[in-house]
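S.K.: Build me a structure from this.
(one chain, ligands or ions: 1)
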Amino acid sequence: MKLLIIKIDTSHEVEDALGIYAMDNLNALGIESRQRNDFEQAGWLHDSTVVEMDDIKDLPKDTYFYAYFDEEADKDDLVKKFAEKLQELQGYGLKIGDAKITTSYIKDQDWNTAWQKYYHVIDFSRHLAIVPEWEDYQPAFKDQKLIKLDPGLAFGTGNHKTTQLAMMGLERDITKKPISVVDVGTGSGILAIAAAKLGATDILATDISDESMTATKQNAALNQIKNIRVQKTSLLADVKGKFDIIVANILAEILLDLIPQMDAHLNEGGKVIFSGIDYKQLPKIQKSLAENGFKIDLTMRQGRWIGLAITRKDK
Ligand SMILES: C[S@@+](CC[C@H](N)C(=O)[O-])C[C@H]1O[C@@H](n2cnc3c(N)ncnc32)[C@H](O)[C@@H]1O
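M.R.: Predicted coordinates for the structure are as follows:
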């Protein structure tokens, strides 16, 4: 199988928004970015080596954003949609750089290994580190838990700010055992696995994508976790049972559909963690939560992205 690559010469200010748009609206199979800043910092982050920027091939002025699609995807339509999205983001006052869009095709296999060089250990917190399957890592603390991960073609390497906000929420909210969790839109399974590592006892990971189901099963096995079940379904309408925690890192428009389904799937005293909300969408989410009997206990923010810790309103 071949893959269509759309490459955009752009600015880091729009990288996150392009990524979510590509995955959630255009059904991209994968995304990655190459930032000048990463190369400039590489030397002093690791061993103080001075990096000769002139020696680096294909160095972006600021950021190259790449999105990968099935070879059958409509190339011209995708280019048009990305161009429109860039204009929209510029309208919000964000820098979009040269905004030059180019396309090419590569073999699927090449891509699977090519992107691995940009993906490294994330020493996330006192409790968790995310470790790509092909890397070795010694925990920084004796009881730091490792999430071994090969995201494959699913979203969720741990690099994305929205994933990290949701993980912070899980660390905050998993405080007692036994605890059951449903991870809505699990992607690579990263949040389901984080929940298991933090002590959740019964976990359901759901997504609408086949790639996600495959990646989640593989990643659960890689981490020797047996208490994650998977279900291919949209949101919670067809999910059975109630949970102590609902976690969802999905775009705000989709969270708005999830909110009315939550009460029926949340145990007494249950908690909800949201991420993936662009700060401009927050008022809509706040309104819908309030209308559906929920309140926000904690608001977290990373750049444009908002994460929320939510409970039922007091009676
Ligand atoms: C931003 S990714 C999050 C992946 C992972 N949970 C993380 O935090 O890195 C959103 C995921 O939600 C899935 N998704 C989108 N719409 C959905 C829906 N209606 N029901 C369930 N999953 C959905 C996508 O396929 C994608 O895997």
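
S.K.: CA atoms only: put stretch 158-177 into PDB for me.
M.R.: The C-alpha coordinates for stretch 158-177 follow below in PDB (Å, rounded to 0.1, in the frame of the first residue of the first chain):
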ATOM      1  CA  GLY A 158       2.100  11.000  24.000                       C
ATOM      2  CA  ASN A 159       3.800  14.000  22.400                       C
ATOM      3  CA  HIS A 160       0.500  15.900  21.900                       C
ATOM      4  CA  LYS A 161      -0.400  18.500  24.500                       C
ATOM      5  CA  THR A 162      -4.000  17.200  24.600                       C
ATOM      6  CA  THR A 163      -2.900  13.700  25.500                       C
ATOM      7  CA  GLN A 164      -0.700  15.100  28.200                       C
ATOM      8  CA  LEU A 165      -3.500  17.200  29.700                       C
ATOM      9  CA  ALA A 166      -5.700  14.100  29.900                       C
ATOM     10  CA  MET A 167      -2.900  12.100  31.500                       C
ATOM     11  CA  MET A 168      -2.600  14.800  34.200                       C
ATOM     12  CA  GLY A 169      -6.300  14.500  34.800                       C
ATOM     13  CA  LEU A 170      -6.000  10.700  35.200                       C
ATOM     14  CA  GLU A 171      -3.100  11.200  37.700                       C
ATOM     15  CA  ARG A 172      -5.300  13.500  39.700                       C
ATOM     16  CA  ASP A 173      -8.500  11.500  39.600                       C
ATOM     17  CA  ILE A 174      -7.300   7.900  40.000                       C
ATOM     18  CA  THR A 175      -7.100   7.900  43.800                       C
ATOM     19  CA  LYS A 176      -8.900   4.800  45.000                       C
ATOM     20  CA  LYS A 177      -9.200   1.100  44.000                       C
END
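
S.K.: Using the three-state scheme, assign residue 134.
M.R.: Three-state call for residue 134 (DSSP: H, G, I helix; E, B strand; the rest coil): coil.

S.K.: Next, find the distance separating it from residue 121.
M.R.: Computed with Cβ to Cβ, to the nearest Å, the distance linking residue 134 and residue 121 is 11 Å. (Glycine included, C-beta is placed from N, CA and C.)

S.K.: Compare those two and say which one has the larger neighbour count.
M.R.: residue 121 (15 against 9; other Cβ atoms under 10 Å).

S.K.: Contact partners for the more buried one?
M.R.: 129-132, 135, 137 (Cβ atoms under 8 Å, 6 or more residues apart in numbering).

S.K.: Could you identify the least confident member of these?
M.R.: Among these, residue 135 carries the weakest pLDDT, at 81.

S.K.: so who does that one touch?
M.R.: So residue 135 contacts 120-121 (Cβ under 8 Å, 6+ apart).

S.K.: Quick check on the contacts of residue 121: which are buried?
M.R.: The neighbour-count test (16 or more other Cβ atoms under 10 Å) marks 129-132, 137 as buried among the contacts of residue 121.

S.K.: Pop the domain breakdown of the protein in here.
M.R.: Under the assignment automatic domain parsing, the domains of the chain span 2-117, 120-312.

S.K.: closest one to the ligand among these?
M.R.: For the domains of the chain, the distance to the ligand is smallest for domain 120-312, at 2.5 Å, taking Cβ to the nearest ligand atom.

S.K.: quick one: is that closest one near the ligand?
M.R.: Yes. Domain 120-312 comes into contact with the ligand (Cβ under 6 Å from any ligand atom), by way of 154-156, 160, 162-163, 166, 184-187, 190-191, 206-209, 212, 234-235, 249-250, 254, 276.

S.K.: Out of those, which sit inside strands?
M.R.: Among the residues of domain 120-312 next to the ligand, the residues falling in strands (DSSP state E) are 184, 206-207, 249, 276.

S.K.: out of the residues you listed, which one sits closest to residue 72?
M.R.: When those are compared for distance to residue 72 (Cβ to Cβ), residue 207 comes out closest, at 21.7 Å.

S.K.: Same question for the lengthiest helix in the chain: list its buried residues.
M.R.: Of all segments of type helix in the chain, defined using DSSP state H, the longest is helix 75-91. Using 16+ other Cβ under 10 Å as the test for burial, helix 75-91 gives 78, 81-82, 85-86, 89.

S.K.: and if you look at stretch 244-254?
M.R.: Residues 244-252, 254 are the ones in stretch 244-254 that count as buried (16+ other Cβ under 10 Å).

S.K.: How about stretch 59-77?
M.R.: Buried residues in stretch 59-77 (16+ other Cβ under 10 Å): 60, 62-69, 73.

S.K.: List just the nearest of those residues to residue 270.
M.R.: Of those, the one sitting nearest to residue 270 (Cβ to Cβ) turns out to be residue 67, at 35.9 Å.

S.K.: And the pLDDT for residue 119?
M.R.: 67.

S.K.: Can you give me the neighbour number for residue 105?
M.R.: Neighbours of residue 105 (other Cβ under 10 Å): 11.
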